[in-house]
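Chemist: A predicted structure for the sequence below; I have some questions about it.
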Amino acid sequence: MSNKAFDADVLIGGGGLVGPTLALALDQAGLSVAIIDASKPAETLAASFDGRAFAIAFASYRMWRALGLGEALDAVAQPIERIMVTDGEVGGARAGPSLLHLHFDRAELTDHDEPLGLMLEARHVRQALDAAIRATPSIKMIQPMSVTAIARDPAGVTATLADGQSLRAPLLVGADGRRSFVRGAVGIRTIGWDYPVTAIVATIAHEKPHDAVAHEYFLPNGPFAILPLKGERSNIVWAEPRAAAEALLNMPEADFLVELRKRFGDFLGELSLEGPRFGYPLSLQLAERMIDARVALAGDSAHGIHPLAGQGLNLGLKDCAALAECIADGVSVGLDPGEVSILERYQRWRRFDNVSMALGMEAFDKLFSNSFAPVRTARRLGLAAVNAVGPARRFFMKYAGGGAGDLPKLLRGESLAA
């Protein structure tokens, strides 16, 4: 669609990972998009900017492939063939996983030929999205630039930028993170709380191959994940109380590796740090609603959850797929992208999944970050019981992979092009 009264069909505030993905999806559906992003590309594309790696559900990866990112990402993505979920021990000969565990294996999923998920380093995803946006002339990227004011009327929304210019469109999407300016400017409140823990994130090189296995240990202070990367490398996500995490982040590398081995165990041989350590304080935050007049929220601006199962970014990518499809369907029958019926459909589609995932991860964390002996025994037996029931294992694998429920077209690998 096009209208001379508007600068774009959709404005997107935020240029992290969710905003550009949504822009590419909307472009595929034939809409014009402008992204306003406060960050500087030279900083966000630097290897030292973000040490995270993402566990991308196979359904999310289908979308990126459908949007043309497959060639760039396939070369750097590490498939996950198996996942081991266990109670873990700290220190001594028993460091590492318990014998009572939950084991997911790709070989059990006979209805598709995809891995359980794919590990991607944040820097590679940013680079692929940046290149795709720059190669798409119908997407206008305005950065570094921030939105300073939002004005709405029945026909559209006007965003005033820090340099004084203004942009107008039928719809503004806030994909600008947990401290979303868009969300605050339209009066959408949030509920949530801080966790008294920090996630330590680092890339580890190890002597032995990981065999494409992801490990999640539940330790008394919180989860400890070992996530396979390309080569003999893994990304660790290690939750510790704030003060302990600060000490671990600042101690000499040799001392850090001593503490790491107490949790990691020795099954991958000798360990070494590859690059810096990063610390991310954890919190839960849910927007009270995902829409307002001429405004929609997507990604962390709508929901910031515990990283326990690596589902945060996947929820945001589901938002992209659903919102783009709702807009494309509405425009195809003559509606403008900000029509209330389009936004209400989007919220109905995504709200329950986002809230239930957030609360589910909260309950899971409370259950597993508990060293009370009877609780620990019960959960170990519970893991072993689920592991013994094939249909239950397969359900969890399909759900974690994003393959359950009412999937938008892009999550099925289908294009939105008319």
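Modeler: Perfect, I can see it now. Residues are numbered from 1 along each chain as shown.
Chemist: strands of the stretch 1-150 of the chain, start to end?
Modeler: 10-13, 33-36, 53-57, 78-80, 82-89, 96-105, 117-121, 139-142, 147-153 (DSSP state E, counting those that start in this stretch).
Chemist: ok, the third one: who's next to it in the sheet?
Modeler: Okay, so that is strand 53-57. Here strand 53-57 is paired, per DSSP bridges, with strand 117-121 (antiparallel).
Chemist: same question, the first one
Modeler: Listed by DSSP bridges, the sheet partners of strand 10-13 and their directions read strand 33-36 (parallel), strand 171-174 (parallel).
Chemist: give the contact list for the closest residue in space to Gly14 that isn't next to it in sequence.
Modeler: Closest residue to Gly14 apart from its sequence neighbours, by Cβ to Cβ, 6 or more residues apart in numbering: Asp176 at 3.4 Å. (Glycine included, C-beta is placed from N, CA and C.) Contacts for Asp176 (Cβ atoms under 8 Å, 6 or more residues apart in numbering) come out as Gly13, Gly14, Gly16, Gly19, Ala38, Val147, Val182, Arg183, Ser301.
Chemist: beta partners for Ala296?
Modeler: Under the criterion used (DSSP bridges), Ala296 bridges to Val173, Ile291.
Chemist: apologies, that question was intended for Glu216.
Modeler: Val85, Ala225.
Chemist: report the separation between it and Gly14.
Modeler: 29 Å (Cβ to Cβ, to the nearest Å).
Chemist: so the most centrally placed residue in the chain: helix, strand or coil?
Modeler: Centroid check for the chain by Cα atoms, centre = their mean gives Leu313 as the closest residue, at 1.1 Å. Classification of Leu313 by DSSP: H, G, I helix; E, B strand; the rest coil places it in helix.
Chemist: for the residue nearest to it when sequence neighbours are not counted, give me its contacts.
Modeler: Nearest non-adjacent residue to Leu313, counting by Cβ to Cβ, 6+ apart: Phe54, 5.1 Å away. Residues near Phe54 by Cβ under 8 Å, 6+ apart: Met119, Leu120, Ala122, Val125, Gly310, Leu313.
Chemist: measure Asp266 to Leu248 for me?
Modeler: Counting by Cβ to Cβ - Asp266 and Leu248 are separated by 19 Å.
Chemist: so between those two, which is more surrounded?
Modeler: Just comparing Asp266 and Leu248: by other Cβ atoms under 10 Å the higher neighbour count belongs to Leu248, 19 against 14.
Chemist: report the contact partners of the more buried one.
Modeler: Taking Cβ under 8 Å, 6+ apart, one finds Ile200, Trp238, Glu240, Phe256, Glu259, Arg277 in contact with Leu248.
Chemist: now the closest residue to Ala53 other than its chain neighbours, what's its secondary structure?
Modeler: Computed as Cβ to Cβ, 6+ apart, the closest residue to Ala53 that is not its neighbour in sequence is Asn235, at 3.8 Å. The three-state label given to Asn235 by three-state DSSP is strand.
Chemist: shift numbering so it begins at 22
Modeler: In the new count, where the first residue is 22, that last one comes out as Asn256.
Chemist: any idea what Asn256 is bridged to?
Modeler: With DSSP bridges as the rule, Asn256 is bridged to Thr224, Leu248.
Chemist: does it really touch Ala223, like I thought?
Modeler: Yes: using Cβ atoms under 8 Å, Asn256 is in contact with Ala223, at 7.4 Å.
Chemist: what about these two, which has more around it?
Modeler: Neighbours per residue, other Cβ under 10 Å: of Asn256 and Ala223, the larger number sits with Asn256, 25 against 21.
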